[in-house]
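S.K.: Okay, sequence plus prediction incoming.
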Amino acid sequence: MSVQIQSLTRHAPNASRKMLDDVSLTIEDGAFVALVGPSGAGKTTLLRTIAGLDGPYEGTVLVDGRTLAGRPMRERRIGFVFQNYALFRHMTVARNIAFGLDVLPRRERPDRRAIAGRVAELLELIQLPMLGDAYPDQLSGGQRQRVALARALATKPGLLLLDEPFGALDPIVRRQIRRWLRGLHDQLGLTTVLVTHDHDEALEVADRLVVMQNGRIVQDAPAEMLDTAPATPFVMEFLGEALAFQGRVVQGSFLPDDANVLRFPVAATDGPATAYLRPHEIRLVAEGSGQATVFGGWLGAMRRLEVALGKRTVEILVLPEQIHHAGIEGVSLDITRARLFRDGALLVWKGG
Amino acid sequence: MGGPSRGGNAVLVAGTYLTVLAVLVLPVLLVMVEALRAGLGAAWRSLLDPDALSAIRLTLEVTLVAVIVNAFGGVMAAWLVTKYRFRGRAALVALIELPISVSPVIAGLVWLLLFGRQGWWGDWLDRHHIQIAFATPGILLATLFVTFPYVARTLMPLMEQQGREAEEAAFLLGAGFWRTLWRVTLPDARWALLSGILLTTARAIGEFGAVSVVSGHIPGLTETMPLHIETLYNGYQTVAAFAMAALLALIAMATVLLRSFLEHDFRKASS
C-alpha cells in the first residue's frame, strides 16, 4: 500500500507551535521507510497522522490514493504497533491477537475455528506457539513486542506502522527482532513505516530514511546516500560522530582555519564553508607540527588518537598502519573526504 | 522505628481504635439495641407496616434507577475527562465533584425552584399534569444529583492511569466506541466500577437532605427509608424507627464491606 502526504501541517493543541510543518512525503508500495530524528522532531505525530489518529490537520494524507476520513477501519488495512505495545491486559495473548477479527461485523467475521486457526498461525509466526493462554503481564518485553505485532497483523494489513517498537528492549533482543521484522516485511509484502530515534537501527532495517527535525523533513534518501551526501550538518551529526572544520573556499581549494589541516581542492564557489567528516575518514600525514597522542583502547581495528592542531585538539580514528607510517610527532590531517556545507546546506561532497 | 517512639505508637493506635469505636461502631450498636428493645418480633412487625414497606420499596426503586443512570453517566463522564483533552475540561472535573461539596439541602431546593408549584417550570408542569416535586420523580432527581460523583470519581484516577493507548489500539483494530468501552476500557476498570456502584448504592439508600426537601413527607407515598425513620421517631414510635434504622444501617454496612472486600481483592489481583 502506498502513502502520499502533501503539505501536512499540524499545530500542537492550544499552542501556536507546529508539530508538523509543511511535510510532504511519498511512500511507495512495498517500501520499508524509517522516520528518524531526535525526540520532539514530529516522527510519532507524522506516524499517528498516517494512521488516522488524533485531530485535524492541514494538507492531504492519501493511503492507497484515498483519504482515510469516512473509511471504516477494517477497509483501511493499517496495522499499528505502539511504543508501549498497548496490549489489552485483561485478555490472553490469543484474545489480544484475535481482537481485530473478533470486532468485525458478523457478516465479515470468520467463524470461531477460523479465528483460532489464524491466531495459531500468527503465534507460530511470532515464534511463541505455546503462549496463547498467557496474559501480557506474564511476558517479557520482547515477547509482548511480538504479540503486539501479531495483533496488528491479524487482519492482514497492507500498511504496517511501528512507533519506536524496539525502544524498551535490550540490545541483543533488539537486533534479533529487527532482523526478524525485516524478514517479515519481505515475506508478507508489507509497506512498513518505522519510527525510531536510533539511526543504526534505521540504517540496518530500512531501505529509506526520512530524517526529521523540528516538525520538518530535513532529508529523505536511501540509507547509503544519507551518509555520503547528508543534506545538512544536522543530518551528518545525527547519523554518527562527526568532526567539523571551519574554513574558506578560495579559487577551487578549501582552506581550513585550523593549523596542521591540509587544504584540498574542491569544485565550489569562493566563500566561507564548513567541512564535516567522520573521525575514521581522516588520514594522518607526516608533515607539519601537529602532536598526536594515542589514548583509549581499540575501536574495532582502529585506534583513537587525540591530535593537537594548535588552537584546538580533535579526536580521530586511524588504522595502526597509519600511525607506523606517519608517526605521531609533527603530523597534519588530511580531510579530503569531507562533505562541505555552506549556510546549512551541502555544498559539495568529495571522495568515496 | 526506634525505642522511644514505640510507646507513642501504641498510644496512637489505641487512640485511633477508641475513636473509631466511639464514633463509628457505638452508634450502630446503639441503633441495634434500641431496635431490639421490644424483642425481635416487635421490630420485625414494625417493618411489615404498610407505610414501612412502601418506604423500603420506594428506597430500593430510587436506588436501583439512580445506580443504573449514574453508573452509565459516571462511566461516560470519567471516559470523557480522562481520555480526551478539550477546552473547559478542568471546569468539568470540578463540576462533577460539585454534588459532594454542595449541601444536599441546597441540591433539593434547586429542584424545588425548578419544578415546584411556584418554580420556573411549575405552571407548565401543572398544565400538563406532570408532578415532579413532592413525588417520586423529584426524589429520584435529588438522589441522582447527590450520587452522581461516586462512579465518576472512582473511575477517573484509574482511567487516567490507563492512558489512551489501549483505546487507540482498539480503534485502529476496527472496534467502535461502544465496543472499545465494553471490551477494552471497562473490563480493565471493572473493580473500580463495581466499587463506585456500591458507593453510589450506599449513598442513594441513605440520602436524607436533598430528598427531604423535595419529597413532602407523605407517608406511604413519598417517604424513603431515612424520611420514614424521621417520621416514626417524631411520632414517638421508637422501636419502629430504630428497627428501620437498623435495617438501613445493615444494608449500608453490607455495601461498604463488600466494597472494601472487592478493593482488597483488586489490589491482590493487580499486584
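M.R.: Thanks, I have it. Please read these numbers as outputs of a predicted model, since none were measured by experiment.
S.K.: quick one: stretch B:184-192 near chain A?
M.R.: Yes: interface with chain A: stretch B:184-192 contributes B:V184, B:P187, B:D188 (Cβ under 8 Å from any Cβ of the partner chain). In this view, the C-beta of every residue, glycine as well, is placed from N, C-alpha and C.
S.K.: Let me see the contact set for the second one.
M.R.: With contact set as Cβ atoms under 8 Å, 6 or more residues apart in numbering or on different chains, B:P187 has these partners: A:F88, A:H90, A:M91.
S.K.: and if you look at B:W111?
M.R.: Shown in contact with B:W111 (Cβ under 8 Å, 6+ apart): B:I132, B:A133, B:G138, B:L141, B:A142, B:F145, B:A210, B:V213, B:V214.
S.K.: Spatially nearest residue to the fifth one (excluding sequence neighbours)?
M.R.: To tie it back to what came earlier, the one meant is B:A142. Distances taken as Cβ to Cβ, 6 or more residues apart in numbering or on different chains place B:A210 nearest to B:A142, at 3.9 Å, with adjacent residues excluded.
S.K.: Within reach of chain B, which of the contacts of B:P187 are there?
M.R.: Counting by Cβ under 8 Å from any Cβ, the members of the contacts of B:P187 near chain B are A:F88, A:H90, A:M91.
S.K.: Just give me the neighbour total for the closest residue to B:Y233 other than its chain neighbours.
M.R.: Excluding its sequence neighbours, the residue lying closest to B:Y233 (Cβ to Cβ, 6+ apart) is B:A241, at 4.0 Å. The tally of other residues near B:A241 (other Cβ atoms under 10 Å in any protein chain shown) stands at 22.
S.K.: my guess is B:A241 contacts B:L227, does it?
M.R.: No: applying Cβ atoms under 8 Å as the test, B:A241 and B:L227 come out as separate, 11.4 Å apart.
S.K.: Might you report the residue contacts of residue 31?
M.R.: Reading this off chain A. A:T191, A:T192, A:D207, A:R208.
S.K.: switch to chain B, that's the one I care about
M.R.: Contacts of B:V31 by Cβ under 8 Å, 6+ apart are B:F242, B:A245, B:A246, B:A249.
S.K.: re earlier: got TSV for the contacts of B:P187, with neighbour count and pLDDT too?
M.R.: Output for the contacts of B:P187, formatted as TSV (neighbours: other Cβ atoms under 10 Å in any protein chain shown; pLDDT from 0 to 100):
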residue	neighbour count	pLDDT
A:F88	21	94
A:H90	18	91
A:M91	20	94
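S.K.: Could you export these to TSV, including columns for distance to A:D200 and secondary structure?
M.R.: TSV is the format used below for the contacts of B:P187 (distance: Cβ to Cβ, whole Å; DSSP: H, G, I helix; E, B strand; the rest coil):
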residue	distance to A:D200	secondary structure
A:F88	32	coil
A:H90	37	coil
A:M91	35	coil
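S.K.: from the contacts of B:W111, which is closest to chain A?
M.R.: B:F145 (31.7 Å; Cβ to the nearest Cβ).
S.K.: burial count for that closest one?
M.R.: The local packing of B:F145 (other Cβ under 10 Å) involves 21 other residues.
S.K.: The one 4 residues further on now?
M.R.: Neighbour count of B:P149, defined by other Cβ under 10 Å: 24.
S.K.: Over to the one 3 residues further on?
M.R.: The local packing count at B:A152 equals 26, with neighbours defined by other Cβ under 10 Å.
S.K.: need the contact list for it.
M.R.: B:G73, B:G74, B:V75, B:A77, B:A78, B:I96, B:G196.
S.K.: and the lengthiest strand in chain A, which residues are buried?
M.R.: Counting residues, the longest strand found in chain A (DSSP state E) is strand A:283-299. By 16 or more other Cβ atoms under 10 Å in any protein chain shown, the buried positions in strand A:283-299 come out as A:R283, A:L284, A:V285, A:G288, A:G290, A:Q291, A:A292.
S.K.: Taking these together, which two end up most distant?
M.R.: Greatest spacing in the buried residues of strand A:283-299, by Cβ to Cβ: A:R283 and A:Q291 (16.7 Å).
S.K.: Assumed A:L25 was part of a strand.
M.R.: Yes: counting by DSSP: H, G, I helix; E, B strand; the rest coil, A:L25 falls inside a strand.
S.K.: Look at it and report its pLDDT.
M.R.: With respect to pLDDT, A:L25 scores 95.
S.K.: same thing with A:A15?
M.R.: pLDDT for A:A15: 74.
S.K.: before we move on, which element is it in?
M.R.: A:A15 is part of no helix or strand, with elements assigned from DSSP states H and E.
S.K.: count of neighbours near it?
M.R.: Neighbours around A:A15, by other Cβ under 10 Å: 8.
S.K.: again, but for the one 4 residues further on
M.R.: Each residue near A:M19 was counted by other Cβ under 10 Å, and the total is 23.
S.K.: Where does the residue nearest to B:A142 sit: helix, strand or coil?
M.R.: Under three-state DSSP, B:A210 comes out as helix.
S.K.: Now do it against A:L20, distance only.
M.R.: From B:A210 across to A:L20, the span is 51 Å (Cβ to Cβ, to the nearest Å).
S.K.: related to what we said a few turns ago, whichever of the contacts of B:A152 end up buried, select them in PyMOL.
M.R.: PyMOL command restricting the contacts of B:A152 to the buried ones, with burial defined by 16+ other Cβ under 10 Å:
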select buried, chain B and resi 74+75+77+78+96+196
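S.K.: Between the contacts of B:A152, which sits nearest chain A?
M.R.: B:V75 (16.3 Å).
S.K.: May I see the buried residues of stretch B:238-250?
M.R.: Residues of stretch B:238-250 classed as buried: B:V239, B:A240, B:A241, B:F242, B:A243, B:M244, B:A245, B:A246, B:L247, B:L248, B:A249 (neighbour count, 16+ other Cβ under 10 Å).
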